[in-house]
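Undergrad: Pasting a predicted model and its sequence here:
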Amino acid sequence: MKLVVLGAAGRMGRTLVKVIAETEGASLHAALERGGSPALGGDAGLLAGIGENGVAIGDDVDAALDGADGIVDFTAPAVSVEMARRAAERRLVHVVGTTGCEAADDAAIRKAADDGATIVKSGNMSLGVNLLAVLVEKAARALGPDAFDIEVLEMHHRHKVDAPSGTALLLGEAAARGRGVALDDRAVRVRDGITGARDAGTIGFATLRGGSVVGEHSVILAGEGERIELSHAAGDRAIFARGAVKAALWAKDRPAGLYTMRDVLGLGD
Ligand SMILES: NC(=O)C1=CN([C@@H]2O[C@H](COP(=O)(O)OP(=O)(O)OC[C@H]3O[C@@H](n4cnc5c(N)ncnc54)[C@H](OP(=O)(O)O)[C@@H]3O)[C@@H](O)[C@H]2O)C=CC1
Ligand SMILES: O=C(O)C1=N[C@H](C(=O)O)C[C@H](O)C1
């Protein structure tokens with residue numbers, strides 16, 4: 001499967017170039033960066049630390065998409081929305097790892113899937129986090145609507161620009177689904193000052209940023225006299241890249257539509 005890596009000079013882009021080279025059935029068709037990027041013209045393999053691979057980083061999207069089967073995209077919301085539109089035009093697979101999307105971005109991505117793109121989008125492409133989400137949903141369902149308070153804690157590196165993380169929101173969604181409620185109605189995304197006591201049934205988020213932390217998430221279910229913690233720690237960005245490439249290969253012969261990593265990994269609804 002011929003893949004285009006968008007944001008090829010970024011932290012995830014470089015990891016993807018390496019993982020694609022290691023994955024049977026996948027090849028790097030083109031590597032893209034934004035116009036004006038200092039990375040333009042550089043060799044994608046050299047930048048990824050795997051030695052020269054002959055794929056120069058470019059900014060010509062149409063040229064890159066010619067002959068491609070799919071796009072792997074860990075960039076920024078506006079970029080992913082535009083790329084989803086192009087994927088629909090060309091009936092391509094589009095794997096979206098980008099986080100920080102607003103409701104309008106998600107609606108545009110869904111429209112692209114309705115219009116012909118085969119899109120896999122997830123706030124976290126790793127097997128571990130998606131399994132964790134299944135466990136969180138089960139725990140929330142078993143514990144009932146409000147006897148246990150649910151808090152999602154996350155920590156990431158100092159460069160991360162969005163909060164709460166896509167994974168924290170994915171885990172919050174899983175908890176809400178387990179309780180049979182909508183996360184938008186129950187989420188408390190920040191607290192500051194005299195907040196008053198905790199409202200029963202809410203799902204809280206707490207964000208830490210610092211250093212080089214790849215990604216750590218805990219879902220805390222706190223009851224009277226006892227507490228359950230379900231956690232995941234990412235030690236290497238390769239877990240996300242491997243998941244994304246697996247998603248692209250899985251999506252290759254699927255009908256157009258919007259899929260999640262739960263679909264890819266067969267973890268059920
Ligand atoms: N779903 C998942 O499993 C994971 C998701 N992520 C998410 O992926 C995204 C990227 O993360 P990360 O790699 O750390 O970030 P980086 O900032 O390191 O990488 C993003 C790259 O995209 C480039 N870019 C910006 N605009 C364009 C454009 N128009 N065309 C092509 N490339 C462009 C950036 O260039 P420049 O810097 O010059 O602007 C940069 O090189 C974030 O939203 C993050 O949260 C990260 C890890 C796992
Ligand atoms: O920006 C990151 O680095 C990560 N972003 C994703 C998120 O927002 O959850 C996934 C992972 O935790 C790393």
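TA: That came through fine. Ligands and ions are numbered 1, 2, ... in the order given.
Undergrad: contacts, neighbours, all on C-alpha from now
TA: Fine.
Undergrad: who touches stretch 69-80?
TA: Residues outside stretch 69-80 that contact it (C-alpha atoms under 8 Å, 6 or more residues apart in numbering): 1-7, 12-13, 87, 92-102, 105, 109, 244-245, 248, 252.
Undergrad: List the buried residues in that stretch.
TA: In terms of neighbour count (16 or more other C-alpha atoms under 10 Å), stretch 69-80 has its buried residues at 69-77, 80.
Undergrad: Any part of it near ligand 1?
TA: Yes: Stretch 69-80 is in contact with ligand 1 by C-alpha under 6 Å from any ligand atom, via 74-76, 79.
Undergrad: how about that stretch, does it reach ligand 2?
TA: No: counting by C-alpha under 6 Å from any ligand atom, ligand 2 is not contacted by stretch 69-80; separation bottoms out at 9.1 Å.
Undergrad: So what would you say the end-to-end distance of that stretch is?
TA: Taking C-alpha to C-alpha, to the nearest Å, stretch 69-80 runs 17 Å from one end to the other.
Undergrad: same deal with stretch 182-198?
TA: Using C-alpha to C-alpha, the end-to-end distance of stretch 182-198 comes to 18 Å.
Undergrad: ok now it, how far from the chain's centre?
TA: Its chain's C-alpha centre and that of stretch 182-198 lie 24 Å apart, by C-alpha atoms, centre = their mean, to the nearest Å.
Undergrad: Next: stretch 149-156.
TA: When C-alpha coordinates are averaged (C-alpha atoms, centre = their mean), stretch 149-156 and its chain have centres 17 Å apart.
Undergrad: buried stuff in the lengthiest helix in the chain?
TA: Longest helix in the chain, counting residues (DSSP state H): helix 127-143. Residues of helix 127-143 classed as buried: 127, 129-130, 132-141 (neighbour count, 16+ other C-alpha under 10 Å).
Undergrad: and these as JSON lines, adding distance to residue 212 and pLDDT?
TA: Listed next are the buried residues of helix 127-143 as JSON lines, based on distance: C-alpha to C-alpha, whole Å; pLDDT from 0 to 100:
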{"residue": "127", "distance to residue 212": "21", "pLDDT": "98"}
{"residue": "129", "distance to residue 212": "19", "pLDDT": "98"}
{"residue": "130", "distance to residue 212": "22", "pLDDT": "98"}
{"residue": "132", "distance to residue 212": "23", "pLDDT": "98"}
{"residue": "133", "distance to residue 212": "24", "pLDDT": "98"}
{"residue": "134", "distance to residue 212": "27", "pLDDT": "98"}
{"residue": "135", "distance to residue 212": "27", "pLDDT": "98"}
{"residue": "136", "distance to residue 212": "26", "pLDDT": "98"}
{"residue": "137", "distance to residue 212": "29", "pLDDT": "98"}
{"residue": "138", "distance to residue 212": "32", "pLDDT": "98"}
{"residue": "139", "distance to residue 212": "31", "pLDDT": "98"}
{"residue": "140", "distance to residue 212": "31", "pLDDT": "98"}
{"residue": "141", "distance to residue 212": "34", "pLDDT": "98"}
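Undergrad: Not counting residues beside it along the chain, what's closest to residue 147?
TA: Spatial nearest neighbour of residue 147, excluding adjacent residues (C-alpha to C-alpha, 6 or more residues apart in numbering): residue 223 at 6.3 Å.
Undergrad: sorry, back to before: elements contacting the longest helix of the chain?
TA: Packing partners of helix 127-143 (3 or more C-alpha pairs under 8 Å, 6 or more residues apart in numbering; DSSP states H and E): helix 166-179, strand 226-234, helix 261-265.
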